[in-house]
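Asks: Return atomic coordinates for the entry below.
(one chain, ligands or ions: 1)
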Amino acid sequence: MDQWKRCLYCGAENNTANYTCSCIADEPAHAYRALGLRFQLNRQEIAEVKAAFQNYRFDDERGMLQYPLLPNREYAEATDLKVGLTPLHLLKSFSKRSGVQVYIKDEGQNPSGCFKDRETLSCLLNSRRRNRKKAVIYSSGNAAASAALFARRHGMQLITFVPGDTYAEKIAYIQKCGSDVVVLGKASTSFEEGFRLFVDLNEANVFEEAGFDNWAVRNPYRVQGDKTTAVEMARQLQEQAHGPIPDVVIVPSANGSNLAGIWEGFRELKNLGITHKLPRMVVAGITNANPICKAVRMQEKQAPVACDLSGLREQDAQIGSIIVAEEGYDSVEAAKAVLESGGTAVEVGTNSIRKVMVRFLHRERRLALKNGILPEPASYIAMAAIEKLRDRRKLRFGETAVAVITGHGIKAQGTTRRLLKGYPELLRTAQQVIGRKRRESPVLGSKGRTGQRRVVPADLHRLRAAFRDLAGYGIQT
Ligand SMILES: [Zn+2]
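Replies: You can find the predicted model right below:
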């Protein structure tokens with residue numbers, strides 16, 4: 001099987017170690033993902049992928065590694081955390097109410113409680129191929145927690161970069177997971193400002209020189225991991241519904257990688273002749289805080305679109321902190337996916353999220369308790385979108401919709417409590433699910449080294465020095 005990386009902007013084949021392309025050095029796309037992977041398969045290889053799809057099992061120890069078009073599978077080790085094989089549940093009450101077959105794909109059942117594990121594992125395998133035992137990431141949320149879990153488990157050194165405005169609890173959590181943390185700039189340094197600094201360090205080869213692989217959004221292997229979500233959905237629907245491809249897939253998004261990756265997965269299956277149609281991709285975001293929704297409204301699929309967050313309501317900012325975005329680093333590819341698939345964008349606010357959360361815990365209580373389902377607050381956006389799509393006639397009677405639950409509520413207990421104020425019984429249900437999850441997922445509470453923390457001014461020279469110091473540059477080889 002031939003595979004190569006190419007630039008999403010100029011189309012040139014690209015093998016740069018820092019995952020960037022010279023064509024975007026002075027472009028607005030400077031910080032966005034630049035590379036994608038392409039595959040060429042012969043007839044026998046296509047037959048093998050088909051067979052692997054039909055034989056994809058949800059009790060297989062290899063997890064998502066069963067899919068042959070996941071790059072670098074050969075670098076997997078028996079001790080690797082099992083990722084993927086997350087359940088797909090039909091929500092009877094939501095289906096009855098909307099006249100649509102509503103399914104949820106519960107990515108909260110991954111090892112760190114989030115879909116990001118698919119991306120992390122894919123990055124980890126590529127690091128092994130490159131013989132790298134150190135990595136950096138830029139994230140103050142689920143991606144960092146996932147990377148820290150895998151790094152600890154597999155003996156890698158991880159340095160996480162976060163912007164200055166990150167809450168102290170979040171920083172402490174990442175340190176507790178075993179990652180060193182570099183806090184970029186002052187307390188007023190925003191996510192976007194911090195990210196620009198991180199990208200500048202990457203482009204100046206600071207990470208490469210010190211032997212660190214970049215696991216942040218620039219890394220094209222992240223979306224390769226997300227592809228497997230589409231493969232699993234198709235296999236599960238083939239067994240549970242009329243056919244493998246849903247009419248609509250709704251993805252709560254910020255960066256857009258997950259949505260772009262799921263779309264790539266569905267397209268791959270169709271291109272190989274394994275399936276015969278494509279779903280409409282729907283991006284779900286917080287009102288006024290989603291660059292992909294904005295790009296879809298503007299029909300923009302070439303250039304990045306930024307969002308003005310000044311109109312964001314405080315309560316929406318709090319609830320959706322993990323999916324509020326000014327820019328999305330895969331938003332170009334995600335907007336393209338939505339527009340090319342004939343999909344749409346849906347924005348919802350806190351009130352809709354609370355309503356859906358209450359309905360879910362009330363109507364689907366038994367399902368939630370039996371299967372340990374507790375969507376993180378931002379994930380309810382996908383379920384809330386169903387009603388809006390019905391109202392706008394973007395989802396027709398009798399169609400099938402899959403709402404992606406991106407993460408587990410165990411990491412957002414404060415927000416969950418706040419939203420369920422006035423519903424003590426539902427809060428008890430949520431707490432029961434969390435208690436069970438804690439007992440069943442020892443990895444979430446595993447102990448080990450606590451990472452160090454450095455607060456560094458927004459200056460490239462000082463950042464470079466602080467990074468090298470933390471990396472043990474010049475001491476370790
Ligand atoms: Zn290029």
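Asks: Report pLDDT for residue 474.
Replies: If you check residue 474, the pLDDT there is 42.
Asks: Low-confidence ranges, the stretch 251-400 of the chain, go.
Replies: 320-322 (pLDDT under 70).
Asks: Off-centre distance for the top helix by length along the chain?
Replies: Longest helix in the chain by number of residues, with DSSP state H as the criterion: helix 221-240. The chain centre lies 14 Å from the centre of helix 221-240; the measure is C-alpha atoms, centre = their mean, to the nearest Å.
Asks: Ok, stretch 429-445 next?
Replies: Relative to its chain's centre, stretch 429-445 lies at 21 Å (C-alpha atoms, centre = their mean).
Asks: thinking again about what came up before, next SSE after the longest helix of the chain?
Replies: Note on helix 221-240: by DSSP states H and E, the next helix or strand toward the C-terminus is strand 248-252.
Asks: and the next element down the chain from that following strand?
Replies: Tracing the chain C-terminally past strand 248-252 and defining elements by DSSP H and E, one meets helix 257-271 next.
Asks: Tell me what angle the helix or strand following that following helix forms with strand 248-252.
Replies: In the C-terminal direction, the helix or strand that comes right after helix 257-271 (DSSP H and E) is strand 280-286. Interaxial angle of strand 280-286 relative to strand 248-252 (axes from the mean of the first three to the mean of the last three C-alpha atoms, to 10 degrees): 30 degrees.
Asks: other SSEs contacting strand 280-286?
Replies: Helices and strands touching strand 280-286, by 3 or more C-beta pairs under 8 Å, 6 or more residues apart in numbering; DSSP states H and E, are strand 248-252, helix 257-271, helix 291-297, helix 314-319, helix 331-340, strand 344-348, helix 380-391. The C-beta positions use only the backbone N, C-alpha and C, and glycine is treated the same way.
Asks: and the third one, how far from the chain's centre?
Replies: Mean C-alpha position of helix 291-297 versus that of the full chain (C-alpha atoms, centre = their mean) differs by 18 Å.
Asks: which helices and strands sit right next to that helix?
Replies: The contact analysis (3+ C-beta pairs under 8 Å, 6+ apart) places helix 291-297 against strand 280-286, helix 331-340, strand 344-348.
Asks: With respect to burial, which of the helices and strands packed on strand 280-286 scores highest?
Replies: strand 248-252 (a mean of 30; mean count of other C-beta atoms under 10 Å).
Asks: what comes into contact with that strand?
Replies: Outside of strand 248-252, the residues within contact range by C-beta atoms under 8 Å, 6 or more residues apart in numbering are 230, 233, 258-259, 262, 266, 279-285, 323, 343, 346, 378-379, 381-382, 385-386, 389, 394-395, 399-404, 406.
Asks: Adjacent strands (with direction) for it?
Replies: Each strand pairing with strand 248-252, determined using DSSP bridges, is listed with its direction: strand 280-286 (parallel), strand 400-405 (parallel).
Asks: Nearest approach to residue 453 belongs to which of those?
Replies: Using C-beta to C-beta as the measure, strand 280-286 is the one of the strands paired with strand 248-252 that comes nearest residue 453, at 29.1 Å.
Asks: Give me the angle between that closest one and helix 331-340.
Replies: Using the same axes, to 10 degrees: strand 280-286 against helix 331-340 is 130 degrees.
Asks: out of everything not next to it in sequence, what's closest to whichever residue of the stretch 351-477 of the chain sits closest to the ion?
Replies: With C-beta to the ion as the measure, the residue in the stretch 351-477 of the chain that lies nearest the ion is residue 460; the distance is 23.3 Å. Computed as C-beta to C-beta, 6 or more residues apart in numbering, the closest residue to residue 460 that is not its neighbour in sequence is residue 200, at 5.9 Å.
Asks: measure that neighbour to the ion for me?
Replies: When distances are taken as C-beta to the ion, to the nearest Å, residue 200 and the ion turn out to be 18 Å apart.
Asks: before we move on, the earlier item: burial of the residue of the stretch 351-477 of the chain closest to the ion, as a residue count?
Replies: Neighbourhood size, residue 460 [other C-beta atoms under 10 Å]: 12.
Asks: ok, now the one 3 residues further on?
Replies: Summarising burial for residue 463: neighbours were counted as other C-beta under 10 Å, giving 23.
Asks: Contact partners for it?
Replies: Listed by C-beta under 8 Å, 6+ apart, the contact set of residue 463 reads 182, 184, 197, 201, 206, 456, 457.
Asks: list the contacts for the last one?
Replies: In this case it means residue 457. 185, 186, 463.
Asks: hang on, residue 80 in a helix?
Replies: No. With DSSP: H, G, I helix; E, B strand; the rest coil as the criterion, residue 80 is coil rather than part of a helix.
Asks: Next one: it from the ion, what distance?
Replies: 33 Å.
Asks: Just to check, that residue is in contact with residue 121?
Replies: Yes. In this structure, residue 80 is within contact of residue 121 by C-beta atoms under 8 Å, at 7.0 Å.
Asks: Neighbour count for those two, which is higher?
Replies: When neighbours are counted by other C-beta under 10 Å, residue 80 and residue 121 differ, and residue 121 comes out ahead with 30 against 20.
Asks: what packs against the one helix or strand that one maps to?
Replies: Under the criterion of DSSP H and E, residue 121 resides in helix 116-129. In terms of contact count using 3+ C-beta pairs under 8 Å, 6+ apart, helix 116-129 is assigned the packing partners helix 142-153, strand 212-214, helix 221-240.
Asks: After it, which helix or strand is next? Please name it.
Replies: Heading C-terminal from helix 116-129 (DSSP H and E), you reach strand 134-138.
Asks: What is the distance between that next one and the centre of its chain?
Replies: Computed by C-alpha atoms, centre = their mean, the chain-centroid distance of strand 134-138 equals 16 Å.
Asks: what angle separates that strand from helix 116-129?
Replies: 150 degrees.
Asks: Next, the buried residues of strand 134-138.
Replies: Buried residues in strand 134-138, defined by neighbour count with 16 or more other C-beta atoms under 10 Å: 134, 135, 136, 137, 138.
Asks: Outline the domain layout of the protein.
Replies: For the chain, whose domains are defined here by automatic domain parsing, the residue ranges read 84-112+223-442, 133-210+447-477.
Asks: closest to residue 3 out of these?
Replies: Of all the domains of the chain, the one in closest proximity to residue 3, counting by C-beta to C-beta, is domain 84-112+223-442 (9.8 Å).
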